[in-house]
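>>> Here is the input, now give the coordinates:
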Amino acid sequence: MVSNPEPLTQTTGGSGRRHGVVKQVLSGDAVVIRGPPRNGPPLEMQLFFSSVTAPRLARRGNAPGDFTDDEPFAWEVREYLRKKVIGKEVQASVDHTVPNSGREYGSLWLTEDGQATENVIETMVSEGWLEVKKTGIRPDEQYGRLIELEEKARAAGLGRWQPNADPKEHIRDITWSVENVQRFFDSNKKKPIKAVVEFVRDCCTVRATLLPDFYPAMIALTGIRGPSFKQDGSKDEYADEAKFFTESRLLQRDVEIILEGLNNNLLIGTIVHPAGSITEALLKQGFARCVDWSIGMYSGGADKLRAAEREAKEKKIRIWKNYEPAQINFREGEKHYTAKVVEINNADSITVKLASGQLKKIFISGVRPPKLAPGEEAAGPPKTGKEKFRPIYDIPFMFEAREFLRKKLIGQKVDVTLDYVQQPRAGEAERDFPERHCCSVVIGDTNVAEALLSRGLASIVFYRQDDEQRPSNYDVLLAAEQKAQAGKKGLHGKKTATGFRVADVSGDTAKAKAFLPGFQRAGKQEAIVEYVGSGSRFRILIPKSSCVVSLILAGVRCPKGSRMGPAGPNGPILPAEEGGEAALNFSKELAAQRDVTVEISDMDKVGNFIGWMFVEGKNVSLELVEAGHGSVNHYSAERSPYLSALEKAEANAKARKLGVSLRKLKNLLKTGSNDVFFSVEQGLLQKKYPNL
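The predicted structure is shown next:
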């Protein structure tokens with residue numbers, strides 16, 4: 001034994017032994033030995049065993065179907081050597097070097113505490129795995145010992161020298177490729193598969209032999225991406241160091257692989273090693289970053305990967321050496337609050353009422369509403385004439401998404417967490433996008449974004465990889481969309497989707513006349529309030545008749561709110577009448593986007609229907625009058641059973657000096673009417689006005 005072996009170098013020859021660690025076993029008689037890493041990947045050498053030979057392993061050529069079979073016992077010999085020396089400290093001596101190829105032949109010893117303890121070649125010959133060469137060898141004392149060991153192994157029937165062994169039974173039946181990778185993945189998804197890692201392409205991609213079918217498959221690690229090597233020969237910073245990190249821990253180790261995804265026939269999975277997860281280790285050491293598209297597949301939980309990445313960011317190591325955390329662009333007091341949902345603006349936007357009474361438009365972070373693909377036409381028949389494109393009805397699944405939010409949220413209190421504020425930005429066609437407050441919205445135990453995605457009613461927003469302004473539960477949202485995609489729900493279904501086809505009857509006198517008899521015969525019918533135009537004017541959807549109509553409340557007259565003038569959208573806005581905005585807000589609070597019951601009795605000359613509307617059994621006309629936001633319209637109320645209730649409600653409002661009733665009293669006082677007087681002492685109304 002040599003007490004002070006030389007460090008592993010790339011030089012050949014020399015009288016001393018070299019020491020290092022076995023990186024790879026090429027065959028039963030050849031290994032790759034690496035030295036210690038110093039300022040980068042370590043030096044390596046290939047060593048072929050002197051005076052012996054092992055059966056040749058199967059090899060795959062470049063052309064399809066071009067491969068050779070194992071020689072008998074080739075796999076068993078390779079596996080014996082692999083399990084004996086891989087990752088172990090060894091000493092190697094070079095006996096001679098082939099001049100032209102530079103191939104080095106020599107001997108190998110296992111070491112303990114720096115001292116050689118076992119001659120690997122002698123052990124393998126004595127176990128019957130290696131055959132001693134009989135020609136081209138200069139006999140010496142060591143050669144004679146190998147011959148003696150081989151004769152004993154043959155006599156004992158060890159290893160390759162087993163008596164009556166059928167050579168065919170010791171040749172692997174290798175599955176070089178599978179016809180249907182998708183089917184292979186589906187049959188093995190989430191099942192641990194025993195494997196041996198044979199090659200490391202980069203820190204996140206390996207080739208492994210999957211057992212027991214001996215299927216050589218490329219595997220990409222789930223949920224991460226690391227520095228890589230480019231086809232043009234260039235490489236990312238830390239690519240060599242990251243590859244060595246994976247090689248030194250996984251190359252030719254026994255592992256279990258859990259297949260979790262498939263991307264363009266590339267298997268995506270987690271490599272399970274007794275020492276832990278290589279995926280998490282790469283993240284903690286700053287060799288890799290999380291990737292959103294596959295992190296949700298990770299069997300160990302995406303939160304573990306995010307935590308490992310966060311640890312490396314905080315330490316600012318390797319790829320995170322220049323990392324700076326995202327700046328918070330809102331006050332801490334705006335982070336969490338509870339509010340009441342008063343309007344569903346879109347599949348990703350709602351309006352809430354804060355405790356202060358302020359209305360605030362917020363966006364549900366992490367989701368994108370349904371939209372038409374480029375070049376895709378709106379559902380339903382082509383639009384002609386005055387017909388306009390109506391996103392809520394014409395975009396497939398937009399109406400379903402809006403309805404899901406409306407039924408679940410409208411009028412309910414929700415917990416809001418502000419995730420980030422999207423700054424104003426300029427858009428196309430002179431259209432600017434204002435500041436957006438992007439929030440996570442939770443009602444009870446339900447995260448609204450997750451509920452939308454899991455039903456296929458929205459798609460997820462993919463952020464830039466370095467963008468930390470995202471929902472805190474983004475990985476949960478990714479998993480929800482993947483689940484919807486797997487179940488082919490909503491937007492992800494196979495069938496061609498169509499919009500919600502409705503007839504727009506509002507403002508069309510001819511269409512309104514055609515619908516009126518049916519509405520009058522139907523009596524009370526279910527409807528949805530789509531828009532509140534003023535205190536007594538609504539736009540409603542009647543699902544049973546698949547139509548949208550304008551409805552003017554019977555029995556009540558309300559002051560008008562601010563509205564578009566005769567010049568249209570480009571003209572001036574007409575100011576609201578006194579009390580008009582209050583009446584509008586009252587009706588919005590009571591009926592906007594609610595399920596209602598309507599009873600249509602008549603129509604006006606421009607195609608607006610006149611009738612009664614009920615919200616949770618409450619007559620909206622009666623509620624407006626009682627709150628002082630409207631006065632009784634006797635023309636439309638006198639033929640109804642609600643006249644007496646309306647008059648009584650109006651009298652009560654006058655007595656309490658509310659809204660419209662108070663203004664009417666003031667007008668009577670100005671005209672000197674004898675029908676009204678006040679008690680100066682009490683300041684109370686002393687007389688009722690049944691005909692006011």
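>>> residue ranges of the strands in the stretch 1-150 of the chain, please?
Assigned by DSSP state E, counting those that start in this stretch, the stretch 1-150 of the chain shows strands spanning 6-7, 18-27, 30-34, 44-49, 52-53, 89-97, 104-112, 115-119, 131-132.
>>> looking at the ones you listed, which is closest to residue 471?
Comparing these against residue 471 with Cβ to Cβ, the closest turns out to be strand 18-27 (43.3 Å). Yep, even glycine has a C-beta here, placed from its N, CA and C like the rest.
>>> Surely residue 265 is in contact with residue 180?
No: counting by Cβ atoms under 8 Å, residue 265 does not reach residue 180; the two are 9.9 Å apart.
>>> Now the common contact residues for the two.
Counting by Cβ atoms under 8 Å, 6 or more residues apart in numbering, residue 265 and residue 180 have no contacts in common.
>>> and residue 133, how many neighbours?
Neighbours of residue 133 under the rule other Cβ atoms under 10 Å: 13.
>>> Make sure it is actually in contact with residue 48.
No: with contact defined as Cβ under 8 Å, residue 133 and residue 48 do not form a contacting pair (11.8 Å).
>>> per-residue pLDDT, the residue most central in space within the chain?
Nearest to the mean C-alpha position of the chain, by Cα atoms, centre = their mean, lies residue 478 at 1.8 Å. As predicted, residue 478 sits at a pLDDT of 91.
>>> could you list every residue that touches it?
By Cβ under 8 Å, 6+ apart, the residues touching residue 478 are 292-293, 295-296, 302, 460.
>>> picking that back up, let's have the strands of the stretch 1-150 of the chain in CSV, adding mean pLDDT.
Formatted as CSV, the strands of the stretch 1-150 of the chain follow (pLDDT from 0 to 100):
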stretch, mean pLDDT
strand 6-7, 52
strand 18-27, 95
strand 30-34, 96
strand 44-49, 95
strand 52-53, 96
strand 89-97, 93
strand 104-112, 94
strand 115-119, 93
strand 131-132, 95
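>>> Switch these over to CSV; also include distance to residue 572 and mean neighbour count.
As requested, the strands of the stretch 1-150 of the chain are exported to CSV (distance: least, Cβ to Cβ, whole Å; neighbours: other Cβ atoms under 10 Å):
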stretch, distance to residue 572, mean neighbour count
strand 6-7, 88, 13
strand 18-27, 81, 21
strand 30-34, 81, 20
strand 44-49, 81, 19
strand 52-53, 98, 19
strand 89-97, 88, 18
strand 104-112, 92, 19
strand 115-119, 97, 15
strand 131-132, 101, 20
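>>> how about the ones you listed in JSON lines, adding distance to residue 205?
Output for those, formatted as JSON lines (distance: least, Cβ to Cβ, whole Å):
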{"stretch": "strand 6-7", "distance to residue 205": "31"}
{"stretch": "strand 18-27", "distance to residue 205": "17"}
{"stretch": "strand 30-34", "distance to residue 205": "19"}
{"stretch": "strand 44-49", "distance to residue 205": "20"}
{"stretch": "strand 52-53", "distance to residue 205": "33"}
{"stretch": "strand 89-97", "distance to residue 205": "28"}
{"stretch": "strand 104-112", "distance to residue 205": "30"}
{"stretch": "strand 115-119", "distance to residue 205": "35"}
{"stretch": "strand 131-132", "distance to residue 205": "37"}
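>>> so where's this structure uncertain?
Applying pLDDT under 70 to the chain picks out residues 1-15, 329-333, 373-387, 426-432, 496-497, 565, 567-569, 571, 658-692.
>>> from the chain's centre, how far out does stretch 614-630 sit?
45 Å (Cα atoms, centre = their mean, to the nearest Å).
>>> And it, what's buried?
614-615, 619-630 (16 or more other Cβ atoms under 10 Å).
>>> hmm, who's touching that stretch?
Outside stretch 614-630, the residues that reach it (Cβ under 8 Å, 6+ apart) are 524, 535-536, 553-558, 579, 582-583, 586-587, 590-591, 594, 596-599, 612-613, 631-632, 637, 642, 645-646, 649-650, 652-653, 656, 658-662.
>>> repeat that with 6 Å
If you take Cβ atoms under 6 Å, 6 or more residues apart in numbering as the criterion, stretch 614-630 is touched by 535, 553, 555-558, 583, 586, 590-591, 594, 596-597, 613, 645-646, 649-650, 653, 658-661.
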